[in-house]
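**Q** sequence unknown, structure follows:
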């Protein structure tokens, strides 16, 4: 059974940093692209990063580019999101998700339960 | 960036009705549109991939159609458990985007 479990959320002041983790199980983690998606309270879904299988290729929207860094440890089956210079608008539930196939341009077939990040002074 | 516009923003229907939810892309995305269902306080669930391809375990009353810029998610004879927000998402571009969602209420 595929499982994605996010940890590392919490409350942080603006300008500070936080690192999220997502531990994967039930599939060959190293073979799939992985993603982070967030959802602000009462709002829609926003994709915020993608990473290819070996961790070399990464993608971000302008809203987080230069502040957030996605990475992965295939030996530990873990996906990370390093979030720096946090802003109040980064307050959201953060989900990690798995790509359906071995390549990019695919839908997300499994999602974690999400972890809440609150940025407030 | 590819903008996805969903309509209507919300609708309310009675059980047994059939509904069509629209997703329009700002440029052609081929068939790289996927539909998700999100129930209250739950993680999203993949309903339809590549515009019209079914997903194992998803009820057959859910179907999708379209290509290019215009896409439809159809729900045949809605049930009370279908009360959710439905999102479309494109994977044509490496900069992935979601639509703003359609909230479906079952009376």
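**A** Happy to help now that I have it. Fair warning: this is a prediction, and the values are worked out from it, not measured in the lab.

**Q** spell out which parts of chain B neighbour chain A.
**A** Residues of chain B lying close to chain A (Cβ under 8 Å from any Cβ of the partner chain) are B:1, B:32, B:34, B:36, B:38, B:43-46, B:49-50, B:55, B:85, B:87, B:89, B:91-92, B:94-101. Bear in mind the C-beta positions are built from the backbone N, C-alpha and C, glycine included.

**Q** residue ranges for the strands of chain A, please.
**A** Under the criterion DSSP state E, strands of chain A are mapped to A:3-7, A:10-12, A:18-25, A:34-39, A:45-51, A:58-59, A:68-73, A:78-83, A:92-99, A:108-111, A:115-119.

**Q** same list, the ones you listed, but as TSV with distance to chain B and mean pLDDT please.
**A** Listed next are the strands of chain A as TSV, based on distance: least, Cβ to the nearest Cβ, whole Å; pLDDT from 0 to 100:
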stretch	distance to chain B	mean pLDDT
strand A:3-7	9	98
strand A:10-12	19	98
strand A:18-25	12	98
strand A:34-39	8	98
strand A:45-51	4	97
strand A:58-59	5	96
strand A:68-73	13	98
strand A:78-83	15	98
strand A:92-99	6	97
strand A:108-111	4	96
strand A:115-119	11	98
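
**Q** now tabulate these in CSV and tack on mean neighbour count.
**A** Listed next are the strands of chain A as CSV, based on neighbours: other Cβ atoms under 10 Å in any protein chain shown:
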stretch, mean neighbour count
strand A:3-7, 17
strand A:10-12, 13
strand A:18-25, 19
strand A:34-39, 24
strand A:45-51, 22
strand A:58-59, 17
strand A:68-73, 18
strand A:78-83, 21
strand A:92-99, 24
strand A:108-111, 22
strand A:115-119, 18
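
**Q** would you map the strands across chain B?
**A** B:4-7, B:10-13, B:19-25, B:33-38, B:45-49, B:53-54, B:62-67, B:70-75, B:84-90, B:97-98, B:102-106.

**Q** name the residues that touch the fourth one?
**A** In this case it means strand B:33-38. For strand B:33-38, contacts defined as Cβ atoms under 8 Å, 6 or more residues apart in numbering or on different chains pick out A:45, A:107-108, B:4, B:23, B:25, B:44-51, B:62, B:64, B:66, B:71, B:73, B:82, B:84-91, B:101.

**Q** go ahead and flag the most central residue of chain B.
**A** Nearest residue to the geometric centre of chain B (Cα atoms, centre = their mean): residue B:35, 4.0 Å.

**Q** partners of that residue in the sheet?
**A** residue B:48, residue B:88 (DSSP bridges).

**Q** relative to residue B:80, how far out is residue A:46?
**A** From residue A:46 across to residue B:80, the span is 29 Å (Cβ to Cβ, to the nearest Å).

**Q** likewise for residue A:59?
**A** Residue A:59 is 39 Å from residue B:80, by Cβ to Cβ.

**Q** who's residue B:20 bridged to?
**A** Here residue B:20 shows beta-bridge partners residue B:74, assigned using DSSP bridges.

**Q** equivalent analysis for residue A:18, please.
**A** Beta-bridge partners for residue A:18, by DSSP bridges, are residue A:83.
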